[in-house]
Each structure stands twice: as structure tokens, then as C-alpha cells.
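Peer 1: What follows is a protein structure lacking sequence information:
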């Protein structure tokens with residue numbers, strides 16, 4: 001009997017139901033039952049009954065909307081001991097871990113993504129580059145995640161014999177410390193990322209480049225993986241030059257280990273005896289050269305493989321890899337290794353000629369040319385204010401890293417650094433200042449792409465002027481022509497533009513900026529390539545990869561695309577081989593399907609959406625600029641606990657001195673609101689704007705525009721999903737319990753805007769309820785809410801105790817764990 005058959009038999013009592021995405025709740029129920037067994041076995045029946053009582057009241061509240069059931073939970077929490085509250089918090093948090101991994105496994109096999117195909121062929125050079133960034137909102141520890149992934153593998157194996165092992169893993173989760181004991185440093189973040197990179201290097205890369213659909217529809221396709229982790233210096237004083245160099249060693253160690261395994265395989269394949277073939281003289285000379293460098297190894301392999309020169313040579317290459325940068329016996333630079341492998345390839349080709357296709361060897365040569373000695377290509381990011389200051393330790397350290405770039409390129413390979421990202425670019429002089437600094441400390445040929453990151457609304461509005469002036473600067477234009485293939489990369493900031501102007505203004509101004517900058521590039525005979533700074537949440541440019549790429553302006557995606565993958569999105573998309581492959585393939589399909597050289601200069605319904613954007617921006621700015629909001633945000637959400645939770649290495653604020661909303665980074669800004677079930681960063685301002693449009697133009701006209709604008713459809717779909725995730729009745733409990741009475745006006749403004757959003761979307765889509773066209777998602781979110789509510793009430797109760805200085809240590813652990821649990825339950829929280 002398979003696991004799924006066992007599930008159906010046990011829970012549905014033998015009814016014949018086909019195994020598809022709709023059996024997911026059944027799988028979750030079985031995992032929940034196993035969790036219940038663990039709670040009874042490890043904590044005791046008393047604790048199990050407390051959990052069940054809270055779960056009962058929560059489900060009753062969700063089915064009846066009667067708030068007395070929430071009061072019942074509050075009352076029971078007030079009577080519990082600290083240990084009991086901690087165990088309840090742990091129970092609901094682990095439930096979400098189990099739900100999430102089950103959902104991931106089912107997504108692999110049953111979602112509609114399988115129907116997405118590459119729809120056209122392209123005969124040009126194509127570059128596809130997902131980039132993993134140093135913005136971790138993944139709040140779970142690696143020791144927790146690895147157990148969860150193991151459970152996912154067992155569900156995927158689909159065998160009822162694995163139920164005991166699942167029970168064991170849930171028990172291990174129960175006894176695993178949930179919250180990090182110390183704040184991770186940037187190198188800890190690198191070590192976390194390499195888990196996912198291993199999957200991409202070993203299971204995904206070759207599958208994608210050899211995918212029949214990709215090969216059939218492309219002529220010269222290149223996929224590369226990028227990272228900011230260990231090199232993102234913007235606002236993170238802990239990412240020093242020495243840290244970046246240490247990060248490179250970790251990345252390098254990983255990819256070299258993979259090379260070593262592949263060389264072992266090649267050594268088995270090329271057990272070619274001189275009894276049958278004559279070894280090329282140049283290969284003998286190369287082996288003899290290593291007699292002096294590696295005398296002990298040479299003597300050993302000359303005896304063991306006396307008649308197998310190809311194996312002797314590969315064994316010596318293996319040892320040089322093993323000693324990379326450790327002594328002069330090892331490789332000091334990537335090109336030395338590449339040269340040795342090309343000698344080997346030449347020798348093999350000389351022996352076999354055209355008689356045999358040596359696919360494995362040829363594939364490996366391409367593999368090492370792609371990943372060199374670094375694996376991922378790093379982007380170095382720094383803020384324009386630091387570059388322009390030309391003083392201070394941040395500037396000095398950044399200049400030091402730039403100075404080291406030529407040597408690091410020599411050691412690890414020419415592609416070790418992809419771009420120098422200049423955040424908060426506000427004028428072309430910012431870019432020129434960085435260019436001049438780079439030119440001062442290294443030869444022009446070594447300078448990576450200099451990439452302005454344009455991220456606030458006003459800067460997006462003048463982005464075409466910034467690029468125009470940049471391309472008119474003769475020394476910079478000459479650099480692009482001579483060294484950058486006549487192309488300029490521009491990064492688009494979805495996160496800060498959203499924090500600055502709200503969801504509609506952010507997405508529309510990013511959309512328009514791409515078109516205007518692309519046209520400037522055409523007029524100046526320079527290719528403009530966009531790097532999309534997407535976050536995890538909808539408000540930060542997140543959402544389904546395929547839809548996000550397909551909704552970009554026509555013609556702005558041509559031969560290259562880069563986009564960021566962040567935080568818990570990384571574990572959600574790349575935690576298994578199958579998921580990682582599917583997500584990369586989806587991105588590639590969207591990239592190829594959307595690729596076009598013909599720019600859409602005349603926008604559909606531009607005046608209408610301009611007005612929508614302006615009205616939304618005004619309403620959003622009215623909200624963030626109001627008196628008392630900073631106190632509302634810091635006292636009424638757990639944002640100040642994020643540093644205690646030890647989620648990421650970067651501070652939550654840009655500077656400790658300025659206590660303002662502007663000073664908050666986009667991730668904690670989104671994270672804080674999400675924890676209190678507001679999710680307002682994904683919808684605030686849109687209700688007022690949409691309602692104004694309906695009143696001005698009439699509902700039928702707004703519907704007509706909606707049905708004819710892919711941009712507006714995608715935008716409203718994202719807003720609809722985000723507003724559905726909000727629960728302002730739960731949010732009100734935070735306000736009543738943690739804030740002064742005068743703050744209620746802010747909450748009432750949020751509620752009013754929320755009702756406008758819901759009403760307008762239902763009118764435009766001509767439906768009586770939200771998400772009526774996505775029942776699976778709606779049902780999933782509704783089920784999650786009944787488990788999220790207890791965690792929210794626990795968090796409120798404990799934050800109230802913290803406010804009154806009556807929180808004991810065990811309750812503090814439970815409070816921090818509640819943030820983990822809500823993050824897991826809400827999925828994309830930052």
C-alpha cells in the first residue's frame with residue numbers, strides 16, 4: 001500500500017478518490033495526526049488536550065465568525081503556565097512546517113505549471129540569470145529545514161512503510177531548538193545558501209541545458225546562477241572585504257568538490273591501456289611535468305595505473321584541485337585547471353577522433369567554463385551615498401574590494417563578479433563617480449558591469465533622463481562600447497519603490513521606467529538589460545515567476561533577464577530537485593515566450609493607469625506621513641523583535657539615528673505588517689484609486705480596460721490575493737491590546753481602505769467574493785487561517801506581557817517562536 005493509499009484508507013475510509021492536488025488536505029490531516037501523536041508521546045496528554053481545545057475554538061470562530069470563540073482562546077491563554085504556552089506555540093508552528101512541505105510536494109506533481117510550454121523559437125544569444133540575495137526572511141534554522149525536507153522526500157516516495165520514519169522526524173523536530181541562538185553573520189548566510197546551490201549544480205543545471213524543449217527552441221542558451229550573499233555591502237557593515245573573500249572560498253570549495261567527483265567518474269571512464277592505444281606525446285609531457293610538482297602522487301599512480309596514462313593524468317589533476325590555494329602544489333588560478341582539462345580533452349580527441357562522441361567529457365568542459373572556480377557569480381552592492389562620500393571606513397573598505405577584483409578574477413575566473421550594483425541611484429553622476437573610482441583602482445577590462453539600482457518613485461520618474469545623460473558621457477559610453485558589449489544593465493527596485501509609494505505607484509512606475517529607458521538605449525545604440533529586484537511578497541515585486549516575467553512591457557525583455565530570489569522564497573522554490581528544476585524551467589519558458597526586440601512604446605490605457613497610480617500614491621503617502629504611524633508600527637507589530645529573532649545579518653534600519661518610516665528597510669517594513677495580519681503593503685491606496693476610477697469613468701468602462709490590459713489584470717490579481725490574506729479583525733486585537741486609544745484612528749483608516757479594495761475588485765471582476773476564480777488557493781488560505789489565529793493570539797498575549805515587563809524567559813522563547821510560526825503560515829512574509 002502506498003502512502004497516499006494509506007492516507008485515503010485511513011482518513012477517507014476507503015472511498016475511491018483520485019490522487020491529485022485536492023488530496024493535499026488529506027495528506028496534511030495525516031501529518032497533523034502524526035504531530036498529535038508526537039505531542040501526546042513527548043509532551044503528554046494534558047498538552048495535547050490544550051492544543052485541541054484551542055484548535056477547536058479557532059475552527060469554530062472561522063466557521064461562525066462569532067468572536068466569543070476568540071475570547072475563549074484568550075481566556076485559556078491567560079490561565080496557562082509559560083511552559084504550556086511554549087508547547088502550544090511549538091505545536092502550531094510545526095504544523096505549518098508540515099503543511100508547507102506537503103504543499104510543496106503536491107505542487108511538484110499536480111499544479112497547472114506542467115501545461116506551461118515554450119511557444120516560440122529564438123535564434124540569438126540568450127542569458128537567463130536568477131540571483132539569490134542577501135535578504136533572508138527565512139526565519140527557520142537550517143537544522144529545522146533539513147528535517148522538513150527529509151519529510152518531503154518521504155512523502156514524495158509515496159510508501160506507507162515510511163510513516164514510522166515520518167513520526168521519528170517529527171519527534172526530532174519537536175526536540176530541535178527553534179530560534180537561532182545568535183544573529184547569523186554573512187558567512188552563515190553563505191553556508192545556508194550552498195544547500196540550495198548543491199541542488200542547482202548537481203541536479204538542475206545539466207537537466208535544463210539538455211532539456212529537449214529548451215534545445216529545440218534556442219540556438220545559444222546560457223544559464224548562470226548569481227548571488228549577493230557575502231558581497232552585499234549596502235547597509236550591512238558586517239560585509240567587509242575580508243568577509244567577501246571568505247565567502248568566495250566557501251563557494252569555491254563547494255564547486256571544486258563537485259569537479260572532484262566528476263573527475264573520479266571520468267577516471268573510471270578513461271581506463272585506457274597503452275596495450276591498445278598510443279598515448280599522445282603532449283599528454284606524457286604534461287604528466288612528467290607533475291613528476292616534480294607531485295612526486296609522491298606521481299610515483300603512486302604510476303605504479304597502480306602503470307599502463308593507464310589518462311587515469312594517471314586525471315588523478316594528478318584531482319590532487320591539484322584538492323590543494324587549490326593551499327600550497328604551490330595545488331592550482332593557484334582557474335585558468336591553470338582549465339588549461340589542464342583542455343589538454344586532456346585534446347588527447348582524448350586525438351585518440352578517438354570523430355569515431356566516438358565523448359559527451360560526458362565535452363559536457364564537463366562546458367560545465368567548468370560556466371562555473372569556473374566560484375560557482376555563482378557575485379554582485380557587489382553599495383549605496384550611492386557611500387560612494388559619493390569618498391571618505392569613512394565603508395568607502396575605504398569598498399575601494400579595497402574593488403582594488404582586489406583583478407586578482408580575485410585571476411584566482412576564481414573572469415566571471416566571479418557579475419555587477420557592481422549602485423543602490424539609491426539618483427543621478428547619472430552617481431554612476432560616473434563609481435565608474436571613475438573603479439577606473440582608478442583597476443584596468444578597464446577588469447571592471448564588472450556597473451549597474452544603477454533605481455528604486456524610489458521620483459527616481460523612477462526621471463530614470464530615462466539618468467540613463468540618457470549617462471550614455472551621453474563620452475568616457476563612459478566608450479567603456480560600454482569597448483568592454484561591455486555595448487550594453488548597459490539597470491536594476492529596478494520593487495521593494496523601496498513600494499515602501500515609498502505603495503503597490504500601484506511602484507509597479508506602474510517600474511513598468512513605465514523600463515519602456516522609457518529601453519527607448520533611450522535604442523536611440524543611443526546601447527542595449528538596456530533589466531535586472532528585476534523582486535522580493536518574496538507581492539508588495540516587493542514577488543508572485544509567480546512565470547506571471548511576473550510575462551507581465552513585463554513588450555520588448556523590454558530581449559536577450560537577457562536577471563531577477564532576484566529572496567528569503568523564504570528560496571526554500572519554497574528550490575528545496576527539492578524537482579521543485580528547483582520546475583521553477584527554473586518556468587522562468588526560462590516565460591523568458592523565451594516574452595523575448596522580443598519590438599518595444600511597446602505606446603502603452604494601452606496609459607492615462608487611465610497614470611491617474612490610478614497618482615490617486616493610489618496620494619492615499620498611501622497620506623497614510624505613511626501621518627503623525628503617530630511610527631509608534632503604531634513599532635508598538636503594534638513585533639518588528640522590534642526581528643533583531644532578537646536573529647533572522648539576518650543586516651540591521652533592520654539604515655541608520656540608528658533617524659527614527660522614521662523612511663529609515664526602515666523594505667523587508668522589516670513588510671514583515672512587521674504581515675505578522676499582524678494587515679498585509680497592507682500589498683494593497684493600501686489601491687481601494688481609493690480603484691473606487692475613484694469607477695466613479696469617474698463608470699464601472700463598464702473600468703471593466704473594459706481591465707479585460708484589455710494585461711498589466712492591470714496581473715496587478716489586480718496580486719492585490720486580490722494579498723487583501724484576501726489580511727484579517728483586520730485579528731489586527732484589531734493587536735491595536736486594542738498593545739496601543740493607546742488615540743491610535744484607533746489609524747486602524748480605522750486601514751479598515752476603510754480595506755473595504756474599498758474588496759468592494760472595487762468584486763465590482764470590476766463582477767463577482768460576489770474574492771478569489772472566486774481560484775478555489776484551490778482560496779480554500780488553502782481559509783484552512784491556514786484557523787491555525788494562524790491561535791499563533792496571533794499567543795503573540796498578542798505575550799507582547800502585552802512584554803509591554804508590562806512581566807514576560808519570563810520561556811514566554812520570550814514562545815514569543816519569538818510565534819514569529820516563526822506566523823512566517824511559516826503566511827508563507828511569503830518579507
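Peer 2: Yes, it's here. Here the structure is a predicted model, which is why all the values come from computation and not from measurement. Residues are numbered from 1 along each chain as shown.
Peer 1: the longest strand in the chain is where?
Peer 2: strand 122-132 (DSSP state E).
Peer 1: Which residue ranges of the stretch 501-650 of the chain form strands?
Peer 2: Secondary structure of the stretch 501-650 of the chain, counting by DSSP state E, counting those that start in this stretch: strands at 527-533, 560-565.
Peer 1: Run through who's touching the first one.
Peer 2: Where contact means CB atoms under 8 Å, 6 or more residues apart in numbering, the residues beyond strand 527-533 that reach it are 131, 419, 421, 451, 453, 455, 467, 485-495, 514, 517-518, 520-521, 541, 548, 552, 556-564. C-beta here means a position set from N, CA and C on the backbone, and glycine is covered the same way.
Peer 1: quick revisit: tell me the strands beside the longest strand of the chain, with direction?
Peer 2: Strand 122-132 sits in its sheet next to strand 218-223 (parallel), strand 226-227 (parallel), strand 560-565 (parallel), going by DSSP bridges.
Peer 1: among those, which is the most enclosed?
Peer 2: Highest mean neighbour count among the strands paired with strand 122-132 (mean count of other CB atoms under 10 Å): strand 226-227, with a mean of 26.
Peer 1: Tell me where the model's unsure across the stretch 101-250 of the chain.
Peer 2: 108-115, 134-141, 158-161, 179-183 (pLDDT under 70).
Peer 1: what would the strands of the stretch 501-650 of the chain look like in JSON lines with distance to residue 323 and mean pLDDT?
Peer 2: Below are the strands of the stretch 501-650 of the chain laid out as JSON lines (distance: least, CB to CB, whole Å; pLDDT from 0 to 100):
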{"stretch": "strand 527-533", "distance to residue 323": "37", "mean pLDDT": "93"}
{"stretch": "strand 560-565", "distance to residue 323": "34", "mean pLDDT": "92"}
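Peer 1: Redo those strands as a markdown table? Include distance to residue 641.
Peer 2: Shown next, in a markdown table, are those (distance: least, CB to CB, whole Å):
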| stretch | distance to residue 641 |
| --- | --- |
| strand 527-533 | 26 |
| strand 560-565 | 26 |
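Peer 1: Flag every buried residue along stretch 474-490.
Peer 2: When burial is assessed from 16 or more other CB atoms under 10 Å, stretch 474-490 yields the following buried residues: 476, 477, 479, 480, 484, 488, 489, 490.
Peer 1: Repeat that for stretch 352-368.
Peer 2: 358, 361, 364, 367, 368.
Peer 1: correct me, but the first one touches residue 348?
Peer 2: Yes. The pair residue 358 and residue 348 passes the contact test of CB atoms under 8 Å, sitting 5.7 Å apart.
Peer 1: Can you pull the residues that touch both of those two?
Peer 2: Shared contacts of residue 358 and residue 348, defined by CB under 8 Å, 6+ apart, are absent.
Peer 1: The closest residue to residue 504 other than its chain neighbours: how many residues sit nearby?
Peer 2: Spatial nearest neighbour of residue 504, chain neighbours left out: residue 616 (3.9 Å); criterion: CB to CB, 6 or more residues apart in numbering. If you count neighbours by other CB atoms under 10 Å, residue 616 ends up with 27.
Peer 1: for the stretch 151-300 of the chain, what spans make up the helices?
Peer 2: Secondary structure of the stretch 151-300 of the chain (DSSP state H, counting those that start in this stretch): helices located at 163-174, 186-199, 205-209, 212-217, 241-269, 281-293, 295-304.
Peer 1: most packed of those?
Peer 2: Ranked by mean neighbour count under mean count of other CB under 10 Å, the helices of the stretch 151-300 of the chain are led by helix 186-199, which reaches a mean of 20.
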